[in-house]
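> Here is my input, please return the structure:
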Amino acid sequence: MRTIVLKRRIAAIARASGFIVALLGASVVLMGAYYPPGLSDGSANPARALVSGIYSGGDAGGCCWLGAHAVWKIAPPAEAATAIVTIFVPNYAVYAHAVESFRLRVDGAAPVTACCYGPGIHQFPIALPAHKGGQVLTVVADATRSFVPEAIGIGADTRVLSVLLRGIEFRAADGTTIAPSLEDRTTQVAWLAFDALIAIVVFVLARRRPIFGLAALLVVAPLGTDVPVWHTTVGPFKTALVGLLAGLAMLPAWRDFTRDRRALWLLGGILALALAAAISVLDATYREPVARETLKMLEYALAFVVAYVAMRADPDERLARNAFAATTAIVCVCAIAQEFVGAPEGTFVRGIEIARIGGPLEGPNQLAAWLGLVAPVSLVYFAQLRWYGGLAIATTLLTLSRGGVLGMVAAIAAVFARSARLRASSAIAGVVALALAAVVALRLGAQHPAGEIDTFNGGLGTRADLWHAAWAMFRAHPLTGVGAGNYELLLGRYGLLGIRTHANSWYFQGAAEGGIVMLLAIAFTVVATLVAFARSRNGFALAAFAATAGICIHQIVDDLIFYPKVGAMWWMLLGVAAASLRLQETADSRIESVPASASSVAGTPTGSTH
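Here you go, the predicted model:
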């Protein structure tokens, strides 16, 4: 009977999750070809903004090739002072010993030169002439270097190409980012309606059973695309989070949360990060990024709380772990598919180009970090979910993320060290195998084609340069830093011209942007999280401990909490783990109290006097 009920529950959650995934997939199909964000001629058809020499792609990874001469249209807001152009220079032989430059003109204004870019991702500003809001401007770009794919042995494409145009965004004179002005209002409204539909679906599921709503949120979290709205974005995860919050609003489990000291300590950790980000506004050059990063931490706090309440109100461990497994499978399949349809990044190993898959995440490092969070769940419940754990590990190796592989090794080692369910021989074999895989991945990641010297590191600067700049910012503003989100905007003042990225380390980023206050908040969060689950062998608690250990190690060389898809999954796992551990402790205390009371009654003689 219990098996039949379980099958029905799994079928129900599978249908709900499938419905949401189908909606996401249908939206991608309906969108058709992928166009660079930021281009517009004021109509609802982005294709009309591509005048000549620019070719749409099938997805963000393959978008969008520019020819040697390209012309496109933009419709910037009235307050926009500059257009920030993002390009990707392919790591082809034609660029091995040369750099790319562009000569650009905007609506007949004096031409400007953007120089000099080696292989990798780059951003450069273009000053905009005086214009009205929504006025269509024409941009003409001439590349100094181009190639024909067929001529260099890449397929049969005979087009003359230069670089990939990733997108355009607009900034005001004070450096704040401005949401696109009518980039495509019809498409934007359609996406917002789709996100609202997801919120309704999650709300209905949560009202039926809280664990259904949580499972849907887990599935939505790594998928979907955010739509710019005013100075922020709206996406499937945010609307699903609101839907789940509304569905859980009237449940008594909220009182249980306020009585759980462990949960309150963990909530204190993420709120400390939010407070440190808010305080950093004191010395911030740009205040909008401070607000963005503060709200991001509060979003993680809300994800943690609703995950806890949903699990506490409907403690179905099997459905919860199956939801993690299903989400893992969806992400891994999407990522591995990029080996065949095209990946967002690549690297060269002994002269051979190898794809670095990112799946629905922002890139390979982010995907590896996300998998490092969910893989411990599959390993803790190895008997039920062994296939998913292996899939997650294999996908992590395909990212070629050195930090991600080391983080995965640390997480799995933590599971093996504390899990009584796994035999010592299996643990040793697993750790050795993963360590060897890590060494191979590290070795492969360090290889370059003969004669190639990539001093640009993909146009993002080397870690040595980025960490040196972070240290310089920390020394200049040691107490509260330069402001949350300000690091990438201030790199030019510290000698890293043309580079706009994070510090490639959570700890260096925290020191630069939040100073000592942020470093203390990070230390409190890490210690509180590890201590909360250190002594427990509860399934989800063990997975949360291992995942935290892994991501904290990975974040030595990457700033991953910066990315909402990674940060939200981490805190949802912590919420589920805290609720699961609390439920187990409550059940254990009840079991222990029954024999004690029974023995005291049995030990008192009937009719005895005292």
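> Going by C-alpha atoms from here, please, whenever you check contacts or count neighbours.
Fine.
> in the stretch 301-450 of the chain, which spans are strands?
Per DSSP state E, counting those that start in this stretch, the stretch 301-450 of the chain carries strands over the ranges 345-349, 352-356.
> Lowest mean pLDDT across the ones you listed, which one is that?
Note on the strands of the stretch 301-450 of the chain: lowest mean pLDDT is at strand 345-349, with a mean of 61.
> List of residues touching the longest strand along the chain?
The single longest strand within the chain, with elements called by DSSP state E, is strand 65-74. With CA atoms under 8 Å, 6 or more residues apart in numbering as the test, strand 65-74 has contacts from 38-41, 49-57, 136-146, 159-165.
> Give the buried residues for the strand or helix carrying Asp588.
Using DSSP states H and E, Asp588 sits within helix 564-602. Using 16 or more other CA atoms under 10 Å as the test for burial, helix 564-602 gives 564-582.
> Now do the domain split for the protein, please.
Domain assignment for the chain, taken from automatic domain parsing, gives 2-32+185-250, 46-178, 263-450+460-590.
> Nearest to Asp256, out of those?
Closest approach to Asp256 among the domains of the chain (CA to CA): domain 263-450+460-590, 7.9 Å.
> So, low pLDDT: which residues of the stretch 251-400 of the chain?
Applying pLDDT under 70 to the stretch 251-400 of the chain flags residues 341-353.
> just the helices in it please.
253-258, 261-279, 288-313, 317-341, 364-380, 382-398 (DSSP state H, counting those that start in this stretch).
> what's the shortest one packed up against?
The reference is to helix 253-258. Other elements packing on helix 253-258 under the criterion 3 or more CA pairs under 8 Å, 6 or more residues apart in numbering; DSSP states H and E are helix 261-279, helix 288-313.
> winner for burial among those helices?
Ranked by mean neighbour count, the helices and strands packed on helix 253-258 are led by helix 288-313 with a mean of 23 (mean count of other CA atoms under 10 Å).
> which residues are contacting the strand or helix carrying Ala543?
Taking DSSP H and E as the criterion, Ala543 maps to helix 539-554. Here helix 539-554 makes contact (CA under 8 Å, 6+ apart) with 369, 372-374, 376-377, 380-381, 403-404, 406-415, 418-419, 526, 529-530, 533-534, 536, 570, 573-574, 576-578, 580-581.
> Just the mean pLDDT for it, thanks.
93.
> go on, stretch 64-84?
Rounded mean pLDDT across stretch 64-84 is 88.
> Figure out how far that stretch is from the centre of its chain.
Stretch 64-84 sits 27 Å away from the centroid of its parent chain (CA atoms, centre = their mean, to the nearest Å).
> Between its first and last residues, how far does that stretch reach?
Start-to-end span of stretch 64-84 (CA to CA, to the nearest Å) is 16 Å.
> Now that stretch: buried residues?
64-77, 80-84.
> what does stretch 468-475 give?
Residues of stretch 468-475 classed as buried: Ala469, Ala470, Trp471, Met473, Phe474 (neighbour count, 16+ other CA under 10 Å).
> ok, now stretch 247-261?
Gly247, Leu248, Ala253, Trp254, Asp256, Phe257.
> Same check on stretch 115-129?
So stretch 115-129, judged by 16+ other CA under 10 Å, has buried residues Tyr117, Gly118, Pro119, Gly120, Ile121, His122, Gln123, Phe124, Pro125, Ile126, Leu128.
> Relative to Asn322, which of those is nearest.
Among these, Ile121 lies closest to Asn322 (CA to CA), at 37.5 Å.
> Any idea what that closest one is bridged to?
Beta bridges link Ile121 to Phe88 when assigned by DSSP bridges.
> how about the CA coordinates for stretch 310-328, as CSV?
C-alpha atoms of stretch 310-328 as CSV (Å, rounded to 0.1, in the frame of the first residue of the first chain):
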residue,chain,number,x,y,z
ALA,A,310,7.8,23.5,3.1
MET,A,311,9.9,20.6,4.4
ARG,A,312,8.7,21.1,7.9
ALA,A,313,5.0,21.3,6.9
ASP,A,314,5.2,18.3,4.6
PRO,A,315,8.2,16.1,5.7
ASP,A,316,8.2,13.7,2.8
GLU,A,317,12.0,12.9,2.5
ARG,A,318,11.5,10.6,-0.5
LEU,A,319,9.8,13.3,-2.6
ALA,A,320,12.4,15.9,-1.6
ARG,A,321,15.4,13.7,-2.6
ASN,A,322,13.7,12.7,-5.8
ALA,A,323,13.1,16.4,-6.6
PHE,A,324,16.8,17.0,-6.2
ALA,A,325,17.6,14.0,-8.4
ALA,A,326,15.2,15.0,-11.1
THR,A,327,16.6,18.6,-11.2
THR,A,328,20.1,17.1,-11.4
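> Buried residues, that stretch. List them.
So for stretch 310-328, counting by 16+ other CA under 10 Å, buried means 310-316, 319-328.
> Arg321 reaches Ala375, doesn't it?
No. Counting by CA atoms under 8 Å, Arg321 does not reach Ala375; the two are 11.1 Å apart.
> intersection of neighbour lists for these two?
By CA under 8 Å, 6+ apart, no residue touches both Arg321 and Ala375.
> rewinding a little: strands - which of the contacts of strand 65-74 land there?
50-55, 137-143, 164-165.
> Any of those buried? List them.
50-51, 53-55, 137-143, 164-165.
> and the residues you listed, which two are the farthest apart?
Comparing all pairs in these by CA to CA, the longest separation belongs to Leu137 and Leu164, at 20.7 Å.
> Dihedrals phi and psi, Ser536?
The phi and psi values for Ser536, taken as degrees, to the nearest 10, are phi -100, psi 150.
> what angle do the longest strand of the chain and strand 50-55 make?
Between strand 65-74 and strand 50-55, the angle comes out at 150 degrees (axes from the mean of the first three to the mean of the last three CA atoms, to 10 degrees).
> pretty sure Pro119 is touching Ile87, no?
No. Assessed by CA under 8 Å, Pro119 is found out of contact with Ile87, at 10.1 Å.
> any idea how far Lys73 lies from Pro129?
Counting by CA to CA, the gap from Lys73 to Pro129 is 14 Å.
> Over to Val331?
Separation of Val331 from Pro129 (CA to CA): 43 Å.
> With Ala470 instead?
Distance of Ala470 to Pro129, given as CA to CA: 34 Å.
> show me the contacts for Ala512.
Residues near Ala512 by CA under 8 Å, 6+ apart: Ala470, Trp471, Ala472, Met473, Phe474, His477, Pro478, Gly481, Val482, Gly483, Tyr487.
> tell me which element it is part of?
helix 506-533.
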